[in-house]
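Colleague: Test case, fold it:
(chains A and B)
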Amino acid sequence: MNRREALKKFYSIIIAVGASSFFSFEDLLAIDTQAIDKPNLIWLQGSSCTGCTLSLTNIEDISFIDFILEFVNVIYHPNLSHAEDEDVPSILNKAKKELKNNYLLVVEGSIPTLLPHACLFSNIPFLEWIEEMGANSKACIGVGTCASFGGITDMRGIETGASPLSKVMYEANINKPITNLPNCPLKPEHFVYTILYFIKFGKYPPLDRQFRPKLFFSKTIHETCMHFSEFQENIFASKINEKGCLFELGCQGPVTKSDCITNGLNANTNNCIKAGHPCIGCASEHFPRQIIFRSYNDKRNIQVFKEVPFGRKKIN
Amino acid sequence: MQKIITIDPLTRIEGHLKFTTKIVDSVVVDAKCSAQLYRGIEKALIGYDARVAQQVTQRICGTCNYAHAEAAALALEDAMNIKPNKNGQLLRNLIVGAYQVHDYLFHFYLLCVFDFIDVKTIVNYKGTDNNLLKLKKWVETEQKSKKIFPMSPFLPKFKAIYSQNNNLNFFSINNYIEAFNIMVKLDKAVAIFGGKSPHPVTIEAGGVTTIPTLLALEKYKKLLDEVQKFVDEKYLPNIMKIAQEFKEYFHIGKGYANYLAFSYFPDENGNNHLFTGGVVLDGKYGNYDLDKIQEDIKYAYYEDTGHTKPLSNTKLTPINYAQYKKEQSKKNGKYSWSKAPRYDTNVMEVGPIARIIVTYKSGKNPRLNAFVDKINTQLNISFENYNSVMGRHLSRAIISHTIIEKLQDDLKRVEPNVSAYKENEVPKNAKGIGLTEGTRGSLAHWIETDKAGFIKNYELIVPTTWNISPRDSKGTPGVVEKMLIGTKIKDINNPIELARIIRSTDPCMACSVH
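Modeller: This is a model prediction of the structure:
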């Protein structure tokens, strides 16, 4: 496969996420030239599970290795870097000075604030790393629901004080462009798109109030769902595999914004609702709720345990 | 001469691990592994609906999420006293099996292969393969560039003796590149019945929510065939070639030789598991007794000390930052977030070699025994050599091969267009246990529900907790600590032996502490 063919395949991702109108194939070819500055990427994992990293390796059509070698400079990534031990903090400290304001800080997982020792990186609390690396970055990306909203690492009953990236930056008074890419795990197309947009325009794509790219997060799962017409006709499934909208089985689609239905998951192989399961709301700021999936005759109320990240209060 | 080597962080594993070794005359005499991450999910689950456990516990780990999903579903099924129907079990196998092979490829190619191969050797490549030429060009350009971090993320790395065999280097690097495509295929295969991957949603107590259509089965088959080709023609031979090149690693990284494995990969009726459950103690196979499992927390960052049985220590309070600082300054203080599970007083190794050794010794899967014997003859090793760095890598490839064969068989047994899910109410005031094997070994979930069907108590004992455990009250080191002790280090500034040993156990820190 020559370079042009490879890029053509790559471009199919851009078409798939509906971004072709402002990102032409010629734009992509232009990125190809060695003249452009590839963004420097520093990827750190906090209270995380590596799921987002794994998900990122699932880019379809182009090899993940092509992406990391030809579109970005991966300065550090915990699962890719061959550096270990003291080389790691020395890379980060060097980057902080010599690439000052010239790297993208990608954060996977949340940041413990009440128990700083609940996440130690090079024996230093992760919170300190984020404040330092964040302050010297050009911009930050929170990948996955944990980094965006706290996710399961901030469910009710957690004692570590896990905070999303945006909250830590806000409280540390660090004013850097930030974008959140929720979904548990991160959808690789969201990340690739954000990076390509950044390469072309030097800034993030238009974002909503929760710093999510509008392109992916302006509609709820429910609005785009294949069962929407059944919902309008009041046809509800009373059990799994029955025809109808899954709302009565606990579907979180009406309160979850993402493009899971329109663009699918795993290169549009499937999505949760197509697989017969109600949406669990993994991209939502309220994830996880007290009841996610229930029987039709279950009369217990579904409680929200979490509020939106800023000025949040917990409901008991 | 005495020296302390601390490696922190160890990269290319899942999560945050630090370890400290004391070295006397180039030999490790003491080792301590510290898990550096704590979230407290078990305690937080209290008050959530019993079904939430499946979705939340699988998010403890991004790499073996399917195993937590399965164990949580099994625990709830145990509490409900039901089993999935035939299709439910088969689809679950198809999801779990594909994901496990994915994990083994991820572990070997993304995390481990460059422990043995140096990417720089690609500059000697003279062939015509496009992938390799592209990488060669990239390496040459990077080396000439005036970048602050040339060849990042492949440099810097430990200076050590990597494979000098160029054919093996090119073969491995080519497989490394191809492995990404194969992993994408496996993720798609998981998503066909799981909804998405990672974090498949459809494995619920009662079966799998997907209805298997003929088209879906056909798609899965096509993907599986491609994966099977890669595993049999590239992955397994690759490991065997590296094993021949680094033969000494069949003698390095020995554990206690006590193994625990749970029954794994049943047939459609939930019986006749592909891998047998049991323990091997002092070389003898026997059944496991769950009552013997307890967790010791003397050296873990919790307020208490002592040891407890499952479901009795989930409400432990983590120590605060001031207490943590105090423990750090003590000579013999707490040093890890991980608890120390023990079987009676024995330290058990779990994982790929445990599964192979327990199944082999039980003699219940003659096909597997024959395959293992064949490999051993080819490599000129004995069964005792499995207790080593290379043994662990080799076992993963053998398991991958075995699982794929079983998946091919299971695929034929799925009844198209028949529901794989049985509806059941969430059980109230019930208890259940779910046992399975994850990527890294034996996984157990315990659940207890209250009168409303919400979680009253939840406990997990996870593979890496067994392997990476700190010392217990008696001072007995954990499995990985034991593996490190006695290792000879060639170059004290580049202790690659230690990194190779730890990575061979595929530690997952997010899992181990959860």
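Colleague: use CA for all of it now, contacts and neighbours both
Modeller: OK.
Colleague: give the contact list for the residue in the stretch 51-200 of chain A positioned nearest to chain B.
Modeller: In the stretch 51-200 of chain A, no residue comes nearer to chain B than A:G51, which is 3.5 Å away by Cα to the nearest Cα. Going by Cα atoms under 8 Å, 6 or more residues apart in numbering or on different chains, A:G51 touches A:184-186, B:59, B:61-63, B:198-199.
Colleague: Show the model's pLDDT score for the spatially most central residue of chain B.
Modeller: Centroid-nearest residue in chain B: B:R440, 2.1 Å away (criterion: Cα atoms, centre = their mean). Here, the pLDDT recorded for B:R440 equals 96.
Colleague: What does it show for phi and psi?
Modeller: B:R440 has phi and psi values of phi -100, psi 0 when expressed as degrees, to the nearest 10.
Colleague: How about A:E131?
Modeller: phi -60, psi -40.
Colleague: If I follow the layout properly, it ends up in contact with A:Y170?
Modeller: No: contact criterion Cα atoms under 8 Å: A:E131 and A:Y170 do not qualify, at 10.2 Å.
Colleague: Which one of those two is surrounded by more residues?
Modeller: Taking other Cα atoms under 10 Å in any protein chain shown, A:E131 and A:Y170 do not tie; A:E131 has more neighbours (17 against 12).
Colleague: and B:D289, how many residues sit next to it?
Modeller: So B:D289, with other Cα under 10 Å, has 11 neighbours.
Colleague: That one and B:T464, how far apart?
Modeller: Between B:D289 and B:T464 the computed distance is 20 Å (Cα to Cα, to the nearest Å).
Colleague: Pull the contacting residues for the nearest residue to A:S137 once chain neighbours are set aside.
Modeller: Setting aside the residues directly before and after it, A:S137 is nearest to A:N101 in space (Cα to Cα, 6 or more residues apart in numbering or on different chains), at 4.6 Å. By Cα under 8 Å, 6+ apart, the contact set of A:N101 is A:136-139.
Colleague: how close does A:N101 get to A:G151?
Modeller: 29 Å.
Colleague: Same question for B:F250.
Modeller: To A:G151, B:F250 is 42 Å away according to Cα to Cα.
Colleague: Equivalent analysis for B:N271, please.
Modeller: Using Cα to Cα, B:N271 is found at 37 Å from A:G151.
Colleague: ranges for the strands of chain A?
Modeller: Listed in chain order, the strands of chain A (DSSP state E) span A:40-45, A:73-76, A:103-108, A:111-112, A:120-121, A:124-125, A:139-143, A:162-163, A:178-181.
Colleague: Among the ones you listed, which comes closest to B:G475?
Modeller: Evaluated over those, closeness to B:G475 peaks at strand A:120-121, with 24.6 Å, by Cα to Cα.
Colleague: so what pLDDT did the closest residue to chain A within chain B get?
Modeller: Residue nearest to chain A within chain B: B:G62 (3.5 Å; Cα to the nearest Cα). Here the pLDDT value assigned to B:G62 is 94.
Colleague: Quick check: phi and psi at it.
Modeller: B:G62 adopts backbone torsions of phi -80, psi -10, taken as degrees, to the nearest 10.
Colleague: any idea how far B:M509 is from it?
Modeller: With distances taken as Cα to Cα, B:G62 is found 11 Å from B:M509.
Colleague: again with A:K257
Modeller: With Cα to Cα as the criterion, A:K257 and B:M509 are 31 Å apart.
Colleague: Can you give the strand pairings for the helix or strand of chain B with the lowest mean pLDDT, parallel or anti for each?
Modeller: Counting by mean pLDDT, DSSP states H and E, chain B has its least confident helix or strand at strand B:307-308, which shows a mean of 83. If you go by DSSP bridges, strand B:307-308 pairs up with strand B:293-296 (antiparallel).
Colleague: Work out the gap between the partner strand and the centre of the chain.
Modeller: Centroid separation for strand B:293-296 versus its chain: 20 Å, with Cα atoms, centre = their mean, to the nearest Å.
Colleague: Can I take it that B:K364 is in a helix?
Modeller: No: checked against DSSP: H, G, I helix; E, B strand; the rest coil, B:K364 lies outside a helix; its state is coil.
Colleague: Tell me how many other residues crowd it.
Modeller: 16.
Colleague: Is it in contact with B:T276, as I believe?
Modeller: Yes: at 7.0 Å, B:K364 and B:T276 qualify as touching, with contact defined as Cα under 8 Å.
Colleague: Those residues of the stretch 401-514 of chain B touching chain A, which are they?
Modeller: By Cα under 8 Å from any Cα of the partner chain, the residues of the stretch 401-514 of chain B that approach chain A are B:419, B:421, B:423-425, B:510-511.
Colleague: The stretch 51-200 of chain B too?
Modeller: By Cα under 8 Å from any Cα, the residues of the stretch 51-200 of chain B that approach chain A are B:51-52, B:56, B:59-63, B:110-111, B:114, B:130, B:138, B:148-149, B:152-158, B:177, B:180-181, B:183-184, B:187-188, B:191-199.
Colleague: how about 6 Å then?
Modeller: Within the stretch 51-200 of chain B, the positions adjacent to chain A are B:61-62, B:152-157, B:184, B:188, B:195-196 by Cα under 6 Å from any Cα of the partner chain.
Colleague: which outside residues touch stretch A:167-178?
Modeller: The contact list for stretch A:167-178 (Cα atoms under 6 Å, 6 or more residues apart in numbering or on different chains) reads A:135, A:139-141.
Colleague: same thing with stretch B:344-353?
Modeller: If you take Cα under 6 Å, 6+ apart as the criterion, stretch B:344-353 is touched by B:258-260, B:292, B:392, B:395-396, B:440-442, B:467.
Colleague: Show me chain A divided up by domain.
Modeller: By the assignment in automatic domain parsing, chain A contains the domains A:3-216, A:219-316.
Colleague: Can you check the pLDDT for A:P254?
Modeller: 96.
Colleague: hang on, it packs against A:H222?
Modeller: Yes: taking Cα atoms under 6 Å as the definition, A:P254 is a contact partner of A:H222 at 4.7 Å.
Colleague: Neighbour count: these two, which is higher?
Modeller: A count of neighbours by other Cα under 10 Å puts A:H222 above the other of A:P254 and A:H222, at 23 against 16.
Colleague: burial count for B:D282?
Modeller: Neighbour number of B:D282 under other Cα under 10 Å is 10.
Colleague: got the phi/psi numbers for it?
Modeller: According to degrees, to the nearest 10, B:D282 has phi 50, psi 40.
Colleague: In contact with it, which residues?
Modeller: Neighbour list for B:D282: empty [criterion: Cα under 6 Å, 6+ apart].
Colleague: pLDDT score for it?
Modeller: According to the model, B:D282 carries a pLDDT of 94.
Colleague: residues contacting A:H222?
Modeller: Contact analysis of A:H222 by Cα under 6 Å, 6+ apart lists A:253-254.
Colleague: Roughly how far does it sit from A:C279?
Modeller: 9 Å.
Colleague: intersection of neighbour lists for these two?
Modeller: Joint contacts of A:H222 and A:C279 (Cα under 6 Å, 6+ apart) are A:G253.
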